[in-house]
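Colleague: coords below, sequence missing:
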């Protein structure tokens, strides 16, 4: 992506104007006065349409929504409870079949380990490189539109899509689990119960926290997207950094510095669903996630404002 910034911004038509074949757009009602109106060509609605017009967005949501269905099918064809060993995993999966609340919790747990991370990296890391790979980025910048405005629209829509995925998954899992296993409230491995009135607000809070913990990965992918024309490089690079951070997080020798790593408090959302919820780790995880997200977002803006656009 290298081409010097244009010194003369192009002009775009406002609604009701016609293009005369030159670089100027003139209104048929007032072309003689020589006044040409300029507006931002990349609206939020247009960027949202571009996001949902990409096949990878539909594929990502399709995979996300298929996860509860795949689990129901897997449980239906799996061994009976008495034929399985009494491992912790088997007990958790047995509880997943005890009702909609438990099933949705297992689905959210499985998705938060990798699938939601991939989706956050995809939606935020692919936004800028996809334009560059289609050779349309330089035309958007000459359209005219400020670079910061263009980057902001792509970041906001990418995060909005990630938030939608994070909210849609538990709602869909509740529906699928309720149809498949009934509408019993949450039961933990100790036999303690949370009523629906207690469970639903805490599930919303847990999903909100999961979204916050996805912000560092989204910001890293976004920053890498401003440095590469290849969407796969941005998405794969962010996921690779997340894997590396998880490996470093397992090293006790890095204590207490590993607490600052992205993902260290990634499972703290489970504390919100305990009978007596604990908030300390969630607060720490929120603060560190915001620090990483802001840092890499600023790096992305700094890079994009200075880089020359070729494609």
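Modeller: Perfect, thanks for sending it. In this text, all values refer to a predicted model and were calculated from it rather than measured experimentally.

Colleague: now stretch 237-256: mean pLDDT?
Modeller: Stretch 237-256 comes out with an average pLDDT of 94.

Colleague: what does stretch 58-65 give?
Modeller: 95.

Colleague: can you name the residues in contact with that stretch?
Modeller: Here stretch 58-65 makes contact (CB atoms under 8 Å, 6 or more residues apart in numbering) with 52, 111, 115, 116, 118, 119, 122, 123, 165, 168, 169, 172. No exception for glycine: its C-beta is placed from N, CA and C like everyone else's.

Colleague: where in the stretch 101-250 of the chain is pLDDT low?
Modeller: 131-145, 190 (pLDDT under 70).

Colleague: can you list the residue ranges for strands in it?
Modeller: 186-187, 193-194 (DSSP state E, counting those that start in this stretch).

Colleague: what is the last one packed up against?
Modeller: Right, strand 193-194. Strand 193-194 is packed against strand 186-187, with contacts defined by 3 or more CB pairs under 8 Å, 6 or more residues apart in numbering; DSSP states H and E.

Colleague: does residue 275 touch residue 194 like I think?
Modeller: Yes: contact criterion CB atoms under 8 Å: residue 275 and residue 194 qualify, at 7.0 Å.

Colleague: tell me which of the two has more neighbours.
Modeller: residue 194 (18 against 11; other CB atoms under 10 Å).

Colleague: would you confirm that that one contacts residue 185?
Modeller: Yes: here residue 194 reaches residue 185: they are 6.0 Å apart, a contact under CB under 8 Å.

Colleague: name the residues contacting each of the two.
Modeller: Contacts common to residue 194 and residue 185, judged by CB under 8 Å, 6+ apart, are residue 101.

Colleague: how far does the helix of greatest length in the chain sit from its chain's centre?
Modeller: Determined from DSSP state H, the single longest helix within the chain is helix 147-181. With CA atoms, centre = their mean, to the nearest Å as the basis, helix 147-181 stands 7 Å off its chain's centre.

Colleague: name the residues of that helix that are buried.
Modeller: Within helix 147-181, the residues that qualify as buried are 147, 150-155, 157-159, 161-163, 165-166, 169-170, 172-174, 176-178, 180-181, counting by 16 or more other CB atoms under 10 Å.

Colleague: same question for stretch 285-298.
Modeller: 285, 286, 288, 289, 292, 293, 296, 297.

Colleague: next, format the residues you listed as a markdown table and append distance to residue 229, pLDDT and secondary structure.
Modeller: Output for the buried residues of stretch 285-298, formatted as a markdown table (distance: CB to CB, whole Å; pLDDT from 0 to 100; DSSP: H, G, I helix; E, B strand; the rest coil):
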| residue | distance to residue 229 | pLDDT | secondary structure |
| --- | --- | --- | --- |
| 285 | 33 | 97 | helix |
| 286 | 34 | 98 | helix |
| 288 | 31 | 97 | helix |
| 289 | 28 | 98 | helix |
| 292 | 25 | 98 | helix |
| 293 | 24 | 98 | helix |
| 296 | 19 | 97 | helix |
| 297 | 20 | 96 | helix |
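
Colleague: which SSE is residue 47 in?
Modeller: Counting by DSSP states H and E, the element that carries residue 47 is helix 44-52.

Colleague: show me where the chain has its helices.
Modeller: Counting by DSSP H, the helices of the chain are 44-52, 55-77, 88-96, 100-110, 116-125, 127-133, 137-141, 147-181, 196-225, 231-249, 280-306.

Colleague: check which helices and strands the fifth one sits against.
Modeller: The reference is to helix 116-125. helix 55-77, helix 147-181, helix 196-225, helix 231-249.

Colleague: run the angle between the third one and helix 100-110 for me.
Modeller: Looking back up the chat, that one is helix 196-225. Computed by axes from the mean of the first three to the mean of the last three CA atoms, to 10 degrees, the angle separating helix 196-225 from helix 100-110 equals 20 degrees.
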